[in-house]
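Asker: I would like the atomic coordinates for the input below:
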Amino acid sequence: MANKKWSELSSGQQTAILTLASVEMALTATALVDLIRRPADQVHGRKAVWAVALFVQPVGPIAYLWAHRR
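Answerer: Coordinates of the predicted model:
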């Protein structure tokens, strides 16, 4: 698959990319704010490790929000 420039993508492809990027950013921001506000004893594992893991897209924020909060 050849790399395409943004201008070479169809409007549907551009819309899909922007939508998915927005969802990813919202998930990451939500998880990060929750991690910062939540006391350490209510988080499974170390908060510093989770802070790094949140930037592994898209798995990190989803894993944190779904399973690793007490």
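Asker: quick check: pLDDT value at the residue nearest the centre of the chain.
Answerer: Of all residues in the chain, the one closest to the mean position by Cα atoms, centre = their mean is Thr28, 3.5 Å from it. On the pLDDT scale, Thr28 is placed at 96.
Asker: would you agree Asp34 is in contact with Leu65?
Answerer: Yes - using Cβ atoms under 8 Å, Asp34 makes contact with Leu65 at a distance of 7.3 Å. Placement of C-beta: from N, CA and C, glycine included.
Asker: what pLDDT does the model give Trp66?
Answerer: At Trp66, pLDDT is 88.
Asker: for it, helix, strand, or coil?
Answerer: The assignment at Trp66 comes out as helix when based on DSSP: H, G, I helix; E, B strand; the rest coil.
Asker: and it, how far from Ser10?
Answerer: The spacing between Trp66 and Ser10, counted by Cβ to Cβ, to the nearest Å, is 33 Å.
Asker: same question for His68.
Answerer: Counting by Cβ to Cβ, the gap from His68 to Ser10 is 38 Å.
Asker: more neighbours, the two?
Answerer: Each of His68 and Ser10 has its neighbours counted (other Cβ atoms under 10 Å); His68 has more, 15 against 9.
Asker: Gln42 is in contact with the more buried one, correct?
Answerer: No - His68 is beyond contact range of Gln42, at 10.4 Å (criterion: Cβ under 8 Å).
Asker: show me what the worst-scoring helix or strand of the chain on mean pLDDT is packed up against.
Answerer: Counting by mean pLDDT, DSSP states H and E, the chain has its least confident helix or strand at helix 59-67, which shows a mean of 90. In this structure, helix 59-67 makes packing contacts with helix 11-37, helix 47-53, judged by 3 or more Cβ pairs under 8 Å, 6 or more residues apart in numbering; DSSP states H and E.
Asker: let's see it at 6 Å
Answerer: Using 3 or more Cβ pairs under 6 Å, 6 or more residues apart in numbering; DSSP states H and E, the elements in contact with helix 59-67 are helix 11-37.
Asker: gap between the helix it packs on and the chain center?
Answerer: 6 Å (Cα atoms, centre = their mean, to the nearest Å).
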